[in-house]
Structure formats: structure tokens, C-alpha cells
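K.L.:
okay, predicted coordinates and the sequence, questions at the end:
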Amino acid sequence: EVTFQTKNALALAMVQDVLASQRLRCRWFLADEAFGRDTDLLDAVDGLGLWYMVEVPLDTALWGDGGASATTPQALFRSLPGSAWTRHLIGDGTKGPRIAEAHVRRVRAQRDGQPGPEVWLILRLDPESGEQKAFLSNAPTTVTTARPGTVTGLRWPVEQIFEVAKQ
């Protein structure tokens with residue numbers, strides 16, 4: 001009776017079950033790149049009324065102002081001036097506060113090779129290591145630009161729990 005399901009399909013089924021049971025209140029769905037590149041999953045999560053914050057590959061196609069031409073987070077990292085970045089506390093780490101430089105803006109996500117829904121793009125730069133990450137979120141425009149930057153750090157404690165549990 002058990003049939004194959006992808007990790008992403010299983011994740012969506014779990015989220016749907018949690019929401020249907022009403023045992024846990026939630027607003028955000030946070031996920032890594034494997035989930036962030038699955039636009040069907042993102043649209044399904046949006047359809048459930050949740051706000052997603054997902055990491056996406058740096059070569060993800062996005063449309064900026066007016067949607068006339070596509071760009072990527074990677075291209076934006078190279079082109080943004082220093083004044084475009086703000087410092088954010090993204091959580092407590094094992095060695096103290098975790099700080100990142102962030103750039104937050106509205107863009108259009110890609111659907112079927114064309115401009116799709118308007119979303120937040122969060123570019124995050126680790127000032128110590130230089131690591132670059134990009135995130136997309138369907139949170140509404142009423143959310144302050146500081147909030148998405150902070151939410152990008154909320155997955156870290158969960159990853160720490162997984163690491164401890166595996167040992």
C-alpha cells in the first residue's frame with residue numbers, strides 16, 4: 001500500500017496534516033534549497049495560507065523592476081553597492097550572536113520561465129566567511145523589510161537539533 005513519494009511531496013503532506021489537525025499554530029514554512037527550487041511546493045504552501053521563507057540557488061532567475069528582464073541573486077551580489085546592505089541579528093549561535101549583512105527587495109519569482117508572483121528576495125552575506133545565500137518569501141508587503149532578514153536565521157536552530165539527534 002505504500003507508494004514512492006518525493007521528499008518534497010512528503011513535506012507538503014506533513015504540513016497539510018499539521019494544519020488540518022489544528023494542534024499546532026504556525027505562520028512560516030522554512031526550508032532549504034531542495035525545497036526552495038520546487039515552485040509547485042511553494043505555490044501549494046502559499047495556497048495553504050502559510051508564508052514561506054526558502055533558500056534558493058544563487059542562479060535562480062528573478063525579475064526586478066517592471067519585469068522586463070531576468071536577473072539572478074548571484075548577479076545582484078556582484079552589482080549592489082555597499083550602501084544597499086544592512087546589518088541584521090539572525091539569531092543566537094554557539095559562539096554568540098549571529099550577524100549577517102542583508103539586502104531585501106521585492107521581485108517577481110519565476111514560473112514556467114516567465115515572471116510569476118511577487119515575493120521578497122533576501123540576499124544574505126556572512127561578514128566573516130563571505131558566504132552568500134539567497135532566500136525567497138511570499139510574506140505580504142505589510143511585513144517590514146527587517147523581518148524577512150531575521151526569519152532567514154530561524155532554520156539554524158532546527159538544523160542544530162537534527163545534528164544532535166543524528167549523534
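P.N.:
Noted; the coordinates are in hand.
K.L.:
mind checking the SS state of residue 78?
P.N.:
In the three-state summary, residue 78 is assigned as helix, counting by DSSP: H, G, I helix; E, B strand; the rest coil.
K.L.:
count of neighbours near it?
P.N.:
Residue crowding around residue 78 was assessed by other CB atoms under 10 Å; the count is 9. Where C-beta positions appear, they are placed from N, C-alpha and C, glycine not excepted.
K.L.:
for residue 96, same thing?
P.N.:
7.
K.L.:
kindly report the same for residue 64.
P.N.:
Neighbour count of residue 64, defined by other CB under 10 Å: 16.
K.L.:
summarise which helices and strands the helix ranked longest in the chain is packed against.
P.N.:
Looking only at the chain and at elements set by DSSP state H, the helix with the highest residue count is helix 7-21. Helix 7-21 sits against helix 33-36, helix 39-47, with contacts defined as 3 or more CB pairs under 8 Å, 6 or more residues apart in numbering; DSSP states H and E.
K.L.:
what residues of stretch 100-114 count as buried?
P.N.:
Buried residues in stretch 100-114, counted by 16 or more other CB atoms under 10 Å: 100, 101, 102, 103, 104, 105, 107, 108, 109, 110.
K.L.:
residues contacting the spatially closest residue to the fourth one that is not a sequence neighbour?
P.N.:
Once its chain neighbours are removed from consideration, residue 103 has its nearest residue in residue 123; the separation is 4.4 Å (CB to CB, 6 or more residues apart in numbering). By CB atoms under 8 Å, 6 or more residues apart in numbering, residue 123 lies in contact with 73, 76, 77, 80, 102, 103, 104, 132, 133, 134.
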